[in-house]
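> Can you look at this prediction? I've put the sequence above it.
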Amino acid sequence: MASIPAFAVLLLNVALSSGTDFHYKMLSGGPEEFAQHRIPNPVNTAVVGDHTALVVNFTAVRWSHVIDVDSTAGFSFAVFTTVKDAAVFLTDPTGNNIDLKDVESNFTVPIADSGLQVPGRQWNFVNPTAGTYVVSLVVSSLEQDVLRHRQQADCDGYVLVWSDSQDSLFTHTINLHTVVGADIGLSARMFDKTKTPFSEFLQTKVKPTVSVLPDRILSAKMAAVYPNGHKIAVPMKDDGTGADETANDGDYAGTISATQAGVYTLQASLTGKSGMGFFTRTQEHTITVNDAVLTFYGTAVGYVDHSSPEAPRLKLSVLVDTPDVSEAATSLLKPYAELWGFDASGTQVPVAYTECLARINRLFGIKYMDLEVDLRWLHNANISLSRGPLSLQNVYVQNADSLVPLAVANDVTVNVLGNPLTAKSNLTQVVKGPSCRRSEQALDAALKDLTVSGYDGSITPIMREGVPPRGRAGAGAYVNKSAAELVNGKVVLVHGFCADKNPFEVQAEDWTDAVYYSAAREGNPLSRSNNEFAQDVLRFVEKEGLGSFSAVGQSQGGMVILHILNYYHTGLDETTTGRKIQSIATPYLGSSALSSLKGIADLLAPDCKGPTDLTREGAVMWMTGISQANIEQTNVYRTQYKPGGLFGIGSCNELMNLVLQLPNDGVTEIVFSAPETGGNVVEPKIGYCHTADMNWDPSYWDKDRNNEMNSNAARS
């Protein structure tokens, strides 16, 4: 069997360090974290809706649709259309026209975090008659008012309807491994939110009890829009076949085959009859699908690297294959694996997880992805290779931007070799020889040396995050400047999604030693994934010559600075006094509204499309990559509206209440506003909203909170 010569190790290290200005951390943690890093159950991404979204397409000058109102407490409907002067009419269940002028309000919907607003019209009804209404939109001329917009959008508008009813729609995607060729779809059920609050589901992850049984569901269907615009509707079934787990339990599932890569829009729609009469509920999800072009060989090779300053590390190269022209071949990816081994008693035991941001490497035609584990994790698990081989379990590779798992493997064999890789001809069959046995003995000897050296089992930053870059002292290792040129002790303030300015600059007097990142000012795209956004911020940090620094993020900016702390060796790691990261109004677990309002945003604000990271599916997948140690470093501030106003509920934006979980700040829902597993989470402050032009001042105008964050920010 041919083997790679020793100089290949040098070439491999060069390959790892070339082509990037960023220093990625090599993350690890103990077995107690395994569950939170695995691909989650799709049920965990669930959203709840009380609304119906109707698509408006004019085929004549009058468009009409029925509205089922199953509440005598209140209902609202809102209209968005490309036709500014479309007339709106409503008839009640008896067929009489309703005078709308006294209940109409004009409003704007926030599409971004600092100013982009979409205008709309809304009508609110207190103590309505339950029953079937008819809403109509009338234009004066199809030619002048409608057809001229058809080149910009695939519909003419949307109507959103909300009923103040106890019956809500619970939906979730059926699959998170969304690659071409896989089935994608939704599961949906009705439940009584007064008996099972959604917050209870978030704690237990147990689906709420069905409130409307199958014999009272009249229609269940899923509408799908493919990336190329093709539309299809399929039935959602409760027959125990396909994606539906149990027949006649009130849980409906619908699927389609993902035949092309891109973003799909799926809408579940259930119509039925409850105690208050007929109802219809819809819920939208946006699903990103990637090409299925990455495969595992089922083999990884490892060797012991003694260059770490604290302890040797087990380098692991996971052998993969993908076409050279595929997106996966050039994209930034995130491999994850759990290392298992056998202890001195011969029992297989978990050791540690390992993950990082990485690209596919190539050496002599071999493709592989690198992971590594500090040998002290193996020492703590009492691993002995003489009692059995190492293996990687629950292995998967995600696209770092779309967050889609591209390949999954339950078990990958680890072969400890003298060289990091075998020859290409032996990719699928690594045969152990004398050199392999010597390497296994060398690993056992290295573990024994740790015991002899007096290692006490404590966990260090290098064990958790890998060896930081060398070459310059301290934070100077992260930017292309000498130590004398660095600026230390600054606070980097980061705005949110699609923001055309940095909102913290409005009250710059609240901040000391601050620098303000602005995507617009830097010439960067406004709509970015968390990882793309993070790299933009790091380029700004380098341009500013920052050494040690801390960061404060608003909305998506809070996710971005946590992403930086988690995945990148930067000057954030150099601060030891104070808070490294703080956030305000950040949807750590995603937003119900992003998918619900996607059609409206695409219609009226096409330049500001939300990234996958902010959907429920994307945010939950993103959180799987965040280490518990870094979650514990979050400092989370939230806000919400005061009670009162329409229906006595309170709101930051009345329209947003139609599609968001209550309470909220007009964009970020309180139930999704903090990591699930820890952090320093502050109780919501009442009487503030997400951004300007809402019913209360934006949270970043709160001088008391700004002063608190400013004084607690780490600067040394």
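Cool, the structure landed. Numbers count the residues shown, from 1 in each chain.
> who touches stretch 646-655?
With C-beta atoms under 8 Å, 6 or more residues apart in numbering as the test, stretch 646-655 has contacts from 73-74, 76, 78, 105, 107, 109-110, 120, 122, 124, 126, 160, 164, 640-645, 657, 662-667, 689-690, 694-696. The way it works is simple: take the backbone N, C-alpha and C, and place the C-beta from them, glycine included.
> mind listing which of those residues are in strands?
For these, the ones inside strands are 74, 76, 78, 105, 107, 109-110, 120, 122, 124, 126, 160, 640, with DSSP state E as the criterion.
> nearest to Asp536, of those residues?
Taking C-beta to C-beta as the measure, Asp536 lies nearest Pro110 of the ones in strands among the contacts of stretch 646-655, at 22.0 Å.
> quick one: the closest one from Asn706, how far?
Taken as C-beta to C-beta, to the nearest Å, the spacing of Pro110 relative to Asn706 amounts to 21 Å.
> Restricted to buried residues, select the ones in strands among the contacts of stretch 646-655 in PyMOL.
Here is the PyMOL selection string for the buried members of the ones in strands among the contacts of stretch 646-655, based on 16 or more other C-beta atoms under 10 Å:
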select buried, resi 74+76+78+107+109+110+120+122+124+160+640
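> Model confidence at Thr81, what's the number?
Looking at Thr81, its pLDDT reads 85.
> in the sheet, who's paired with it?
Beta-bridge pairing for Thr81 (DSSP bridges): Gly157.
> Flag the shaky bits of the chain, pLDDT-wise.
Using pLDDT under 70 as the threshold, the predicted model of the chain has low-confidence ranges 1-21, 114-116, 143-153, 418-440, 452, 470-482, 484, 603-606.
> Need the nearest residue in space to Gly131, chain neighbours excluded.
Pro93 (3.1 Å; C-beta to C-beta, 6 or more residues apart in numbering).
> can I assume Ser140 sits in a helix?
No - counting by DSSP: H, G, I helix; E, B strand; the rest coil, Ser140 is not found in a helix; it is coil.
> my read: it touches Val61, true?
Yes - under the criterion of C-beta atoms under 8 Å, Ser140 lies in contact with Val61, with a separation of 6.9 Å.
> Which one of those two is surrounded by more residues?
Val61 (15 against 12; other C-beta atoms under 10 Å).
> the strands in the stretch 301-450 of the chain, which residues?
If DSSP state E, counting those that start in this stretch is used as the criterion, the strands of the stretch 301-450 of the chain fall at 313-321, 333-342, 348-356, 361-363, 366-374, 391-399, 405-416.
> let me redo that: the stretch 51-200 of the chain
Listed in chain order (using DSSP E, counting those that start in this stretch), the strands of the stretch 51-200 of the chain are 51-56, 62-69, 74-81, 87-91, 104-110, 117-126, 131-138, 157-163, 167-173, 183-192.
> Off-centre distance for the shortest one?
Relative to its chain's centre, strand 87-91 lies at 39 Å (C-alpha atoms, centre = their mean, to the nearest Å).
> okay, now the residue nearest to Gly131: neighbour count?
Neighbours around Pro93, by other C-beta under 10 Å: 16.
> Now do the same contact list for it.
Pro93 makes contacts with 129-133, as judged by C-beta under 8 Å, 6+ apart.
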